[in-house]
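Q: Return atomic coordinates for the entry below.
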Amino acid sequence: MMLREISSEADIRRLAKVAKQVWREANTSFCSEEQVEYMIAKYQSFEAISGQLINGYRYFVMEQDGEICAYMGVQPQGPTLFLSKFYVMKPYRGAGLFSAGLEVLKQLCRDNDMCSIYLTVNRNNTHAYEVYLHKGFNVICEEVNDIGFGFVMDDYIMELIVD
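A: Residues are numbered from 1 along each chain as shown. Now for the predicted structure:
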C-alpha cells in the first residue's frame, strides 16, 4: 500500500471520481440521496477539492496497484488538525487502512506541533462513530449546521489528543 499526497489536476479529478462513488456508498444509509448528491457537489467535486487545496487543505490517497483504496482530507488549524474526510473504499474496509492513516495523521501532528485531531461525524453514522470511539476519539460537543438547500449536518464533534 502506498500513501501519497495529491496536488495535480489529474489527481484531483481522479479523487473526485472516487469520492462520488464512496460518498454514495457510505452516506445514503443515513442521508437522503438528494442530500448526498448535494454534499458531493459542495464538498467533493473537482471544484470543491481544488478550492479546499487553495485554502490549506491537504489530501492523501492510499493506493494499491494504481487504484485508490482510501483517502483523507485534512486542514491544519493552529494547534489542531481537522480531519475533514476519511473514506475507505468498500473492498478495502476492515484491512487496517483507517488505523494506518490515523498513525500518519498523528505523526503529521507531532511534526507540526499540533496537539489533537478533531472531526465531525453525522450522529446517525453509527459505524463511523463507533470506529472513532474505538480509536480513542471522544465527543466534545454536538452541532447542527445548515449547509444550504434545506439540508443540515447533525454532527458529533470528536477529538483525539495526540501524545
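
Q: Going by C-alpha atoms from here, please, whenever you check contacts or count neighbours.
A: Fine.

Q: Quick check: the gap between Cys31 and Val88.
A: Cys31 sits at a distance of 18 Å from Val88 (criterion: C-alpha to C-alpha, to the nearest Å).

Q: Over to Leu105?
A: Relative to Val88, and taking C-alpha to C-alpha, Leu105 is found at 15 Å.

Q: And for Asn27?
A: Distance of Asn27 to Val88, given as C-alpha to C-alpha: 13 Å.

Q: if you count what's nearby, which of these two comes out ahead?
A: Shown here are Asn27 and Val88; by other C-alpha atoms under 10 Å, Val88 has more neighbours (22 against 18).

Q: list the contacts for that one?
A: For Val88, the contact set (C-alpha atoms under 8 Å, 6 or more residues apart in numbering) comprises 22, 69-71, 97-98.

Q: Give the helix, strand or coil label for the most centrally placed residue in the chain.
A: Per C-alpha atoms, centre = their mean, the C-alpha nearest to the average position across the chain is that of Lys85, at 0.8 Å. The three-state label given to Lys85 by DSSP: H, G, I helix; E, B strand; the rest coil is strand.

Q: where does this structure have low pLDDT?
A: Applying pLDDT under 70 to the chain flags no residue at all.
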